[in-house]
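Trainee: Pasting the sequence and the predicted coordinates here, then a few questions.
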Amino acid sequence: MRRVALEKLRNIGLIAHIDAGKTTTTERMLFYTGKTYKIGEVDEGTATMDWMIQEQERGITITAACTSCMWNGFQINIIDTPGHVDFTVEVERSLKVLDGVVVIFCGVGGVESQSETVWRQADRYNVPRIAFVNKMDRVGSDFLGVLQQIHDKLGTNAYAIQLPYGRDENFNGVIDLITQKLIIYQDELGREFIIKDVPLEISADLKKHREKLLERLAEVDERIMDRFIQGQEIGSQDIKDAIRKATIKNKFVPVLCGAALRNKGIQMLLDAICDYLPSPLDLPPIKGTNPKTQEFEEIIASDEAPFCALCFKVATDPYVGKLNYIRVYAGTLRTGEMVYNATRREKEKITKLVRMHANRQELIEEVLTGDIVACVGLKETKTGDTLCTEDNPILVESMRFPEPVIQQAVEPKTKKDQERLSFALHKLEEEDPSFRVKYNPETGDTIIAGMGQLHLEIAIDRILREFNVEARVGLPQVAYRETITKKVISTGKFIQQTGGKGQYGHVVLEMEPQDMPGRGNTFTEKIKSTAIPKEFIPAIKEGVMNSAKSGCLAGYPVTDVKVTLIDGSYHEVDSSEMAFQMAAAIAFHDGLKKAKPILLEPIMDMEIVVPEEFMGAIIGDLNSRRAKIISLSTRANLRVIRAYVPLAEVFNYATISRSLTQGRASYTMEPSFYAEVPSHIAERIILGFTTMNLKGGYRT
């Protein structure tokens with residue numbers, strides 16, 4: 001039975017730059033809604049949502065945690081996401097299944113680099129959002145400055161619906177621009193507050209900002225515009241209705257303020273989530289593809305509709321095994337029922353359904369439309385798979401995951417750890433689509449790859465602690481790529497005579513660089529059907545794609561190559577799929593050598609926040625690391641340096657920046673794009689690869 005009506009359900013997430021206060025805000029939300037009786041603190045390692053031992057030790061969120069709470073008759077399903085760029089995949093898959101998000105900004109830091117990243121991710125999934133400017137109690141906080149940054153840097157129609165009352169350590173309440181009331185907190189826990197009329201000395205300020213709020217709303221709401229132009233009084237409910245409508249359509253972002261650590265502003269944030277963010281009924285129907293007809297179909301959010309859900313996360317639980325987190329888009333599902341995995345064409349049985357509260361589980365018998373829950377018993381289902389009924393199959397568009405940029409070798413310390421290491425790596429790869437495991441046959445190494453040093457550090461730590469595997473790891477290495485710079489035509493022939501039935505495959509490939517970097521490898525065919533029968537085309541494509549896994553310069557994967565099959569021939573008796581696969585591989589590698597291949601390296605978008613007196617030292621160091629300075633700006637009394645830096649040059653940069661600035665600098669970086677490696681460095685990498693092949697050792 002449904003706990004609340006579907007229109008009173010809110011599936012929301014909290015996203016932000018690292019250390020903006022997402023988990024702290026979530027902890028207060030759980031406390032005020034009565035989900036927890038005590039406020040957990042990130043710094044003390046007692047936060048409910050940071051349940052992993054690695055999160056508690058480091059004071060950061062590593063994995064997205066789900067929970068659910070009730071507020072004024074509304075059910076709010078919350079996903080608290082990581083802020084560190086190494087775990088951006090957690091934000092990506094959370095945004096895929098959420099109906100709305102709260103974007104948290106630091107009152108001092110404003111719009112930081114990762115703030116822009118998560119905002120772009122929300123744009124990609126068209127998720128409605130509200131903004132919460134946190135840490136208004138900190139010295140140097142500037143609410144109006146952050147508001148201007150949100151408008152300018154993120155290019156969005158955003159405006160305040162609240163103003164802070166008091167500054168820095170004297171911040172003790174908020175001014176509501178909609179109701180024109182002042183809310184002042186009375187106790188340290190933030191439970192007791194009074195609502196009173198705004199004092200005369202700040203009424204002019206309130207009126208000015210309320211006018212600006214109405215101006216912004218008038219741009220996106222005709223009803224407000226008519227009344228605004230005619231000078232008519234616009235009531236609080238009319239403003240709320242207009243904000244809700246514009247927020248759901250992604251035409252407006254209401255901005256609130258508070259201080260989560262000091263327990264101020266959270267109740268108003270909960271009200272705003274219920275008032276302005278959408279329910280599943282407020283959003284357009286999810287589109288899916290019928291796997292039988294390949295036609296688009298709409299999924300209607302209704303308990304009476306056929307069941308449809310997306311598995312957006314897989315986790316390993318020490319007691320129940322594999323947990324599959326699902327978002328139900330339509331229909332209902334009960335414990336013990338069979339579901340159809342439309343992605344893998346498999347039938348699976350649900351043995352248990354649980355509502356998650358971080359790592360704690362609440363057994364439930366039934367899930368309904370809009371629910372975000374976990375299920376036990378799915379053996380084949382992976383992240384991005386669609387679950388539905390066999391009678392009404394449908395495929396929801398899956399998620400895109402970033403490619404790893406860093407890798408290192410790992411091996412068991414003893415032979416008895418070999419099998420356990422393989423099991424642990426398989427589990428980690430299943431949980432995290434941005435964590436990859438591969439075997440290098442040339443060196444005999446098992447290579448793990450991820451989004452950054454911290455990402456791999458956490459993976460190794462989990463292998464040691466969770467899976468009790470003793471392992472040795474090599475030094476981190478850059479995940480280089482190879483590509484081509486000119487258009488070539490290449491021929492590949494595979495002919496083998498063995499006395500009986502032979503092998504014959506002949507292909508002609510046209511290879512050229514992609515028009516736009518980042519498009520990856522593509523394969524098309526433009527040949528007459530008489531040259532090569534259609535049934536051999538998939539084998540040719542497979543031969544090309546398999547060959548692209550290893551380049552001709554230093555054995556790195558090949559990317560951004562457009563391959564077109566333009567000619568070839570076959571033998572009526574001797575041709576086979578294997579022969580054409582081999583011929584395609586020969587043609588591809590031959591074409592690589594002729595097409596002036598180059599090495600590519602990942603370039604990081606780095607933002608360093610540093611006191612003025614150390615800026616010269618940091619810039620000088622960055623220049624020595626082949627960095628390209630993009631911008632210099634001021635944030636409070638600090639300088640912000642934005643630069644593009646090759647990943648190979650910034651390993652262990654935390655230690656370097658500390659030594660240059662007496663520990664007073666902070667930085668963030670994220671993968672931005674791939675660029676050509678300078679020739680003198682490329683020669684060294686290729687020489688190292690050649691030496692490694694001759695001696696059989698670690699890649700340097």
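Mentor: Arrived safely.
Trainee: Can you name the residues in contact with stretch 4-14?
Mentor: Applying C-beta atoms under 8 Å, 6 or more residues apart in numbering, the set of residues contacting stretch 4-14 from outside is 22, 25-26, 64, 70, 73-81, 94-95, 97-102, 104, 273-274, 277-282, 301-303, 327, 369-370, 372. (Each C-beta comes from the backbone N, C-alpha and C, glycine too.)
Trainee: Repeat the analysis, applying 6 Å as the threshold.
Mentor: 22, 26, 74-81, 94, 98-102, 273, 277, 279, 281, 370, 372 (C-beta atoms under 6 Å, 6 or more residues apart in numbering).
Trainee: Among these, which are located in helices?
Mentor: 22, 26, 94, 273 (DSSP state H).
Trainee: Quick one: distance of the helix or strand containing residue 580 to the chain centre.
Mentor: In this assignment (DSSP states H and E), residue 580 forms part of helix 577-594. Distance of helix 577-594 from the chain centroid (C-alpha atoms, centre = their mean, to the nearest Å) equals 36 Å.
Trainee: avg pLDDT for it?
Mentor: Mean per-residue pLDDT for helix 577-594: 94.
Trainee: quick one: strands adjacent to the helix or strand following that helix?
Mentor: The element immediately downstream of helix 577-594 (helix or strand, assigned by DSSP H and E) is strand 598-611. Strand pairing for strand 598-611, using DSSP bridges, gives strand 481-483 (antiparallel), strand 638-646 (antiparallel), strand 666-676 (antiparallel).
Trainee: Over to the closest residue to residue 575 other than its chain neighbours. Which of the three states is it?
Mentor: Among residues not flanking residue 575 along the chain, residue 504 sits closest, at 5.0 Å (C-beta to C-beta, 6 or more residues apart in numbering). Look at residue 504: counting by DSSP: H, G, I helix; E, B strand; the rest coil, its state is strand.
Trainee: if I look at residue 504, how far off is residue 289?
Mentor: Distance, residue 504 to residue 289, using C-beta to C-beta, to the nearest Å: 38 Å.
Trainee: out of those two, which sits in the more crowded spot?
Mentor: Neighbours per residue (other C-beta atoms under 10 Å) separate residue 504 from residue 289, with residue 504 holding more: 21 against 17.
Trainee: Could you pull up the residues touching the more buried one?
Mentor: Residues counted as contacts of residue 504 (C-beta under 6 Å, 6+ apart) are 495, 571, 574, 575, 579.
Trainee: and the fourth one, backbone torsions?
Mentor: Think residue 575. Here is the backbone geometry of residue 575 (degrees, to the nearest 10): phi -70, psi 140.
Trainee: number of nearby residues for it?
Mentor: Neighbour count of residue 575, defined by other C-beta under 10 Å: 24.
Trainee: same question, the first one
Mentor: By the criterion of other C-beta under 10 Å, residue 495 has 14 neighbours.
Trainee: pLDDT at it, what is it?
Mentor: 89.
Trainee: Mind telling me what element it is part of?
Mentor: strand 488-496.
Trainee: circling back: the strands paired with strand 598-611: lowest mean pLDDT?
Mentor: Minimum mean pLDDT among the strands paired with strand 598-611: strand 666-676, a mean of 84.
Trainee: what's that one in contact with?
Mentor: 85, 113-114, 405, 481, 598, 600, 602-609, 657.
Trainee: do the same with stretch 609-624
Mentor: 608, 638, 639, 640, 643, 660, 661, 664, 665, 666.
Trainee: let's go with 10 Å and repeat that
Mentor: If you take C-beta atoms under 10 Å, 6 or more residues apart in numbering as the criterion, stretch 609-624 is touched by 109, 112-113, 606, 608, 627-629, 632, 634-641, 643-645, 649-650, 653, 656-657, 659-662, 664-668.
Trainee: Can you point out the buried residues in that stretch?
Mentor: 609, 610, 614, 615, 618, 619, 621, 622 (16 or more other C-beta atoms under 10 Å).
Trainee: and what of stretch 309-328?
Mentor: Buried, per 16+ other C-beta under 10 Å, within stretch 309-328: 309-316, 322-328.
Trainee: rewinding a little: mind checking which of the contacts of stretch 609-624 are buried?
Mentor: Buried members of the contacts of stretch 609-624, scored by 16+ other C-beta under 10 Å, are 109, 112-113, 606, 608, 627, 635-636, 638-641, 643-645, 649-650, 653, 656-657, 660-661, 665-668.
Trainee: so where is the stretch 601-700 of the chain shaky, pLDDT-wise?
Mentor: 636, 689-700 (pLDDT under 70).
Trainee: and if we set it to 80?
Mentor: The model of the stretch 601-700 of the chain has pLDDT under 80 over residues 635-637, 652, 654-655, 658, 663-664, 666, 668, 688-700.
Trainee: Residue 400: neighbour count?
Mentor: Residue 400, neighbours per other C-beta under 10 Å, totals 12.
Trainee: What's the separation between it and residue 178?
Mentor: Noted for residue 400: a distance of 38 Å to residue 178, by C-beta to C-beta.
Trainee: Tell me where the stretch 51-200 of the chain has helices.
Mentor: Assigned by DSSP state H, counting those that start in this stretch, the helices in the stretch 51-200 of the chain fall at 53-58, 88-97, 113-124, 143-153, 200-218.
Trainee: and those, which one is worst for confidence?
Mentor: Among the helices of the stretch 51-200 of the chain, helix 53-58 carries the lowest mean pLDDT, a mean of 73.
Trainee: What number of residues are in the vicinity of the residue nearest to residue 163 when sequence neighbours are not counted?
Mentor: Of all residues not flanking residue 163 in the chain, residue 175 sits nearest, at 4.3 Å (C-beta to C-beta, 6+ apart). By the criterion of other C-beta under 10 Å, residue 175 has 24 neighbours.
Trainee: partners of residue 175 in the sheet?
Mentor: With DSSP bridges as the rule, residue 175 is bridged to residue 163, residue 182.
Trainee: quick one: pLDDT of residue 416?
Mentor: pLDDT, residue 416: 82.
Trainee: List the contacts of it.
Mentor: By C-beta under 10 Å, 6+ apart, the residues touching residue 416 are 469, 470.
Trainee: How about residue 582?
Mentor: 492, 493, 494, 495, 496, 503, 505, 507, 539, 543, 547, 576.
Trainee: can I get the CA coordinates of stretch 135-142 in PDB?
Mentor: The C-alpha coordinates for stretch 135-142 follow below in PDB (Å, rounded to 0.1, in the frame of the first residue of the first chain):
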ATOM      1  CA  LYS A 135      28.000  28.200   5.400                       C
ATOM      2  CA  MET A 136      26.500  31.700   5.800                       C
ATOM      3  CA  ASP A 137      28.000  31.700   9.300                       C
ATOM      4  CA  ARG A 138      31.600  31.600   8.000                       C
ATOM      5  CA  VAL A 139      33.800  34.700   7.900                       C
ATOM      6  CA  GLY A 140      33.900  36.100   4.300                       C
ATOM      7  CA  SER A 141      30.500  34.600   3.300                       C
ATOM      8  CA  ASP A 142      28.800  36.700   0.600                       C
END
